[in-house]
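Undergrad: no sequence on this one, just coordinates:
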């Protein structure tokens, strides 16, 4: 125990420098212009895993970006932990809202991070959290106290739907066999309120295209006489919620699990200040489905949000045009039991059915994933809970997250094992936003806590 | 008469070449990146007016782009015609829909233009139609038959709201004094159905901005719990029309002139095929205000269209983000008696009032102008009608246009004279759209017809 903290203290500057190096490469999987950067990052992860003590590391080709596999097998009779993470990052736009360039990491102090935080795209999601595991392995091998086998599976397509991962799992079941899967790609409630994510929402992401006339038209000559795709798209989007902010897609709520009054009361005990929440976002009011609290709206309830919309003239000045086409990217967050493929079909059928005459509508399913719940009685959860209790001095709170890690249910299906979500980020770390950052304290605390998970998981598995 | 046609025949290749030279310069007033091109175009217009026979030509500085003034005064006792046109053009995007580069003019034959049409941004709107007047002056001076005085006022800000024109008119009332104003910036029904525009719609153009949270948020962590600016903007836009496609802004229709059954019956006589209209636009149905025909919807009725919308992630792939801001450019076409400044205020007040809690709304008025009607009993209209009858062999039909030339009502207010809108383009010429073009036949027919307007106007003014 004491030597874990000591090793981290001795090597922390290098741990930070190595992460910063990794963050300098713009491994944006959504934009093909960055292809070489994504590939270079896979190679860098391979090198780091070798240096950390893996016996075998492979950059495994897929139809998309490669998956980096690494392993340190010490005894086939001991438990095996499979670590999952991703080396790709979200696009950084809007660039003008970043206070420092997204791929030139800087350490700055903030109110929540008086020890400093690393500001860069991917700092928290997920390069920083993934690299904690690489450094935890280094620590355990260099101090000669690794208690179990460890495997790594670090992919490069998480931000674009993990399209190659399903095939990779199917083709490598033996290689990937494990007793528990460990992921750090979530957050915790606060630095003094450790928590472990036990539930995730599913996701269905679609792109829609509304086509009116076959070319852009002069709005003076045609305005009022033909369906304007932007007005029509706005109307169609508006109709997807009713006056209570319930989603209007027929069948959408059919499989939604309704939590009991007791469960909702339990959830309501988590520390939460609506005033601070509004203040942090600079909004005068929250908004959402009638009958649910803010924390329920973003965790146990399904939602529908437009993630992007565009059409017509969006440059400087004015152009009096009726666009031929308008587009939107729309995502639905789903709760356990809602099947993402079924919901995608329900959306498609409904959206096509509400198109008025005069336009054509195309719905392109993009990607998705199922929701997930981990029982707090599992060995994995118990081991994680004890590890946090040791390093934070407090038993962590089990928490349902509103986010989606679609591959978690895929892991259960293909590899037959449960996933433990040990996240060390904070909600305020601005993942997917400008000025993403990750606290140096959190990063080092993660590197300290992970070895204890290995220890307790091995002990409790006996 | 015969010598007009002969002169055009002898010089037509040069007339076309000169227009092509003018079209090569991207004089896009809406985009400051093209500032030098706009200024260069003003100088080119000056040179062309001098060559055509003007005694005095000036490039007049304004707060924005300069106005080119030219004059040929032969006798102060004769009538004076003031020609207005513009040398600036619309932005050419979306560029990928152009079959040839917008500023590399090419002549191609089309079904409607078997003699060929010049494809380029500005070919019809308005460089081509403006340049007909320059060549008509050349013809009249070289053949020594100019019957009256001619003045030119060619501006460079028409596509961005003619912001400097009002001051220019106020400061130059004496210089610009005239008996009639002549503009070619509209179209006619068909090559075998000449028409003269007698009515124009007014315009109010605004930009709206909806701000939710102070930064882009992860849609998993915040989705469903805060107002999403794109969803909210969609809902607000959708609410601007009711189920009959009436505009819902309180007071919007208060001053709208309702045409009598007789007037509507007269309008309905204009040749129009709904089937051909739908086919040309590749739409299965038209759309618009209940109770009105297509031709009424786009001429005698006011409308509201979104000209552009943007917000969130609009790049390749997927990003699960809740945008901090969403934007739209919205324009309203107005009919005579509706005051554009009053309508702009009604819009602003209403749009701000329908913003839900959780967002802030900003409405930025952009530009606008009043509608206009020219009586068909005026000397100017009669002269134009006779000129068309000579060159087309048919009396032109008076027609209300759905477009706006806001400066027409400004001219009446400041210069106290009526405007005659002699347009030679076709609705299918794709002005403001990719592949804008102007028929060579139409261009030359305009150069033939304009001198006859001068002749008849002078005769009828006696």
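TA: In hand now; what should we look at? Here the structure is a predicted model, which means the values were calculated and not measured. Numbering: from 1, shown residues only, chains lettered A, B, ... in the order given.
Undergrad: list the buried ones in the host helix or strand of residue A:129?
TA: Assigned by DSSP states H and E, residue A:129 belongs to helix A:127-142. Judged by neighbour count (16 or more other Cβ atoms under 10 Å in any protein chain shown), helix A:127-142 contains these buried residues: A:127-141. Where C-beta positions appear, they are placed from N, C-alpha and C, glycine not excepted.
Undergrad: Check stretch A:378-388 too.
TA: Here stretch A:378-388 shows A:378-381, A:383-388 as buried, counting by 16+ other Cβ under 10 Å.
Undergrad: Tell me which other helices or strands the lowest-mean-pLDDT helix or strand in chain A touches.
TA: Least confident helix or strand of chain A, by mean pLDDT, DSSP states H and E, is helix A:261-267 with a mean of 81. Secondary-structure packing of helix A:261-267 (3 or more Cβ pairs under 8 Å, 6 or more residues apart in numbering or on different chains; DSSP states H and E): helix A:294-297.
Undergrad: helices and strands around the helix it packs on, which ones?
TA: Counting by 3+ Cβ pairs under 8 Å, 6+ apart, helix A:294-297 packs on helix A:261-267.
Undergrad: list the buried ones in the following helix or strand past the helix it packs on?
TA: As assigned by DSSP H and E, the chain's next helix or strand after helix A:261-267 is helix A:274-281. Within helix A:274-281, the residues that count as buried by 16+ other Cβ under 10 Å are A:277-278, A:281.
Undergrad: go on, stretch A:49-60?
TA: A:49, A:52-54, A:57, A:59-60.
Undergrad: quick one: is the helix holding residue A:129 near chain B?
TA: No. Helix A:127-142 does not reach chain B (Cβ under 8 Å from any Cβ of the partner chain); its nearest approach is 14.3 Å.
Undergrad: repeat for stretch A:324-331
TA: Yes. Where contact is defined by Cβ under 8 Å from any Cβ, part of stretch A:324-331 touches chain B, namely A:326-329, A:331.
Undergrad: How far away from the center of its chain is that stretch?
TA: Stretch A:324-331 has its average C-alpha position 23 Å from the chain's average C-alpha position, going by Cα atoms, centre = their mean, to the nearest Å.
Undergrad: ok, the residue of the stretch 51-200 of chain A at minimum distance from chain B - how many residues close by?
TA: Nearest residue of the stretch 51-200 of chain A to chain B: residue A:160, at 5.2 Å (Cβ to the nearest Cβ). Counted with other Cβ atoms under 10 Å in any protein chain shown, the neighbours of residue A:160 add up to 22.
Undergrad: Domains in chain A, by residue range?
TA: A:2-200+A:371-461, A:202-256+A:302-367 (automatic domain parsing).
Undergrad: how about the helices in chain A?
TA: Using DSSP state H, the helices assigned to chain A run over residues A:2-23, A:35-52, A:127-142, A:165-171, A:219-222, A:229-238, A:261-267, A:274-281, A:294-297, A:340-353, A:379-392, A:407-415, A:440-461.
Undergrad: packing partners for the last one?
TA: Read it as helix A:440-461. helix A:2-23, strand A:80-86, strand A:117-119, helix A:127-142, strand A:180-183, helix A:379-392.
Undergrad: and if we set it to 7 Å?
TA: Contacts defined by 3 or more Cβ pairs under 7 Å, 6 or more residues apart in numbering or on different chains; DSSP states H and E place helix A:440-461 against helix A:2-23, helix A:127-142, helix A:379-392.
Undergrad: now what about the first one, what contacts it?
TA: For helix A:2-23, the surrounding residues in contact (Cβ atoms under 7 Å, 6 or more residues apart in numbering or on different chains) are A:44, A:105, A:118, A:120, A:122-123, A:127-128, A:131, A:135, A:139, A:143, A:440, A:444, A:447-448, A:451.
Undergrad: circling back: generate TSV for the domains of chain A, with mean pLDDT as supplementary columns.
TA: Output for these, formatted as TSV (pLDDT from 0 to 100):
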stretch	mean pLDDT
domain A:2-200+A:371-461	95
domain A:202-256+A:302-367	95
